[in-house]
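Q: below: sequence and its predicted model.
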Amino acid sequence: MRAVVRSTDCVAGPAGEPDFHHVRVGSADLLVARMPDGRVVAFSTECPHQATPLEGATFWEGKLRCARHLYLYDLATGENVLPARESSPEALRRLKPGYLPVHRAEERDGWIWVEERAQPAPPCFDPAAERPLPPGGQVPTTPAPPMPDPVGDPAGDQGGHTVDVRVGDEFELVLATSPKPAHMWRSAVPPALAVVSEGFAPDEPPRHVARLVARVAGDVEVTFGYGRPWEAEPAETRTFTVRVAPRE
């Protein structure tokens, strides 16, 4: 094992904002972090699904959640928890979640030590299950898992409202949401508006907040769809009407 980070330098970040340390152990580039429960973990810097950098990932109930598609990985074994556990065989070949290379980490003598060699692939991982079928090949079809219930409590949710702003104004659109893993709001923003930031806000109750800037005068609509990012059709939609007046 190799000492990579001083214990005092590796702290649990605020909710939703892990403090990742980028290290190199042997030939592997890894992220090291302390989880909210105090454990230290070490894992690959990239999501195995599409090589997405994991510096923007978050922790969810002891799992790692990739920021791009919200794929969820077990940090003890590297197993993909979502979408693999909810996917039919044909969907798994299309989604290709793979498994996350994780390295054993321990804390002693004021340092965090990381094993140079990654742990073996989790026993549940079957690479053949993610390979494309040969021409004419078939797999048994199974019903798709149900989509989540509607987000529900509209407290703080502005969906369906009309917003009045002026050209150059910066404003927020807020939606009630759920912290359930692998589900998110996705926006369709017209060119008349520019996105400053957008994402999950771990408030109480949790919200999805899109911060926008009005660029051009006129009436436009912003539509949000809620569901799994790998599914084509959202389970729920909300639309805002934004009326942009000229700047006097």
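A: Looks like it arrived, so ask away. Computed from a predicted structure; not experimentally measured. Numbering: from 1, shown residues only.

Q: show me where pLDDT drops low in this protein?
A: 15-16, 133-160, 179-182, 202-204, 229-230, 232 (pLDDT under 70).

Q: ranges for the helices of it?
A: For the chain, the helices defined by DSSP state H cover 89-95.

Q: give me the number of residues near Pro14?
A: Pro14: 10 surrounding residues under other C-beta atoms under 10 Å. C-betas here are computed from N, CA, C, even on glycine.

Q: start the count at 55 instead of 1 going forward.
A: Taking 55 as the first residue, the last one we looked at is Pro68.

Q: measure it to Arg93 for me?
A: 17 Å (C-beta to C-beta, to the nearest Å).

Q: what does Glu184 give?
A: In terms of C-beta to C-beta, Glu184 sits 29 Å off from Arg93.

Q: before we move on, what about Asp218?
A: Taking C-beta to C-beta, one finds Asp218 at 49 Å from Arg93.

Q: these two - which one has more neighbours?
A: Arg93 (15 against 11).

Q: ok, now which ones touch that one?
A: By C-beta atoms under 8 Å, 6 or more residues apart in numbering, the contact list for Arg93 is empty.

Q: so what's Ala246 closest to, chain neighbours aside?
A: The shortest distance from Ala246 to any non-neighbouring residue, by C-beta to C-beta, 6 or more residues apart in numbering, is to Val270 (4.2 Å).

Q: show me the contacts for that neighbour.
A: 221, 245-246, 298 are the contacts of Val270 under C-beta under 8 Å, 6+ apart.

Q: so what's the closest residue to Ser241 other than its chain neighbours bridging to?
A: Closest residue to Ser241 apart from its sequence neighbours, by C-beta to C-beta, 6+ apart: Phe278 at 5.1 Å. Beta-bridge pairing of Phe278 under DSSP bridges involves Ser241, Arg292.

Q: now do the contacts for Phe278.
A: Shown in contact with Phe278 (C-beta under 8 Å, 6+ apart): 213, 227, 229, 239-242, 262, 264, 291-294.

Q: neighbour count and distance to Asp73 added to these, as JSON lines?
A: As requested, the contacts of Phe278 are exported to JSON lines (neighbours: other C-beta atoms under 10 Å; distance: C-beta to C-beta, whole Å):
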{"residue": "Gly213", "neighbour count": "18", "distance to Asp73": "34"}
{"residue": "Leu227", "neighbour count": "23", "distance to Asp73": "30"}
{"residue": "Leu229", "neighbour count": "23", "distance to Asp73": "28"}
{"residue": "Trp239", "neighbour count": "26", "distance to Asp73": "26"}
{"residue": "Arg240", "neighbour count": "14", "distance to Asp73": "28"}
{"residue": "Ser241", "neighbour count": "18", "distance to Asp73": "28"}
{"residue": "Ala242", "neighbour count": "11", "distance to Asp73": "33"}
{"residue": "His262", "neighbour count": "23", "distance to Asp73": "24"}
{"residue": "Ala264", "neighbour count": "21", "distance to Asp73": "26"}
{"residue": "Thr291", "neighbour count": "15", "distance to Asp73": "36"}
{"residue": "Arg292", "neighbour count": "23", "distance to Asp73": "33"}
{"residue": "Thr293", "neighbour count": "12", "distance to Asp73": "38"}
{"residue": "Phe294", "neighbour count": "21", "distance to Asp73": "35"}
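
Q: of these, closest to Glu144?
A: Arg240 (23.3 Å; C-beta to C-beta).

Q: do you know how far that closest one is from Leu124?
A: Relative to Leu124, Arg240 is positioned 11 Å away (criterion: C-beta to C-beta).

Q: that's all I had, so thanks and see you.
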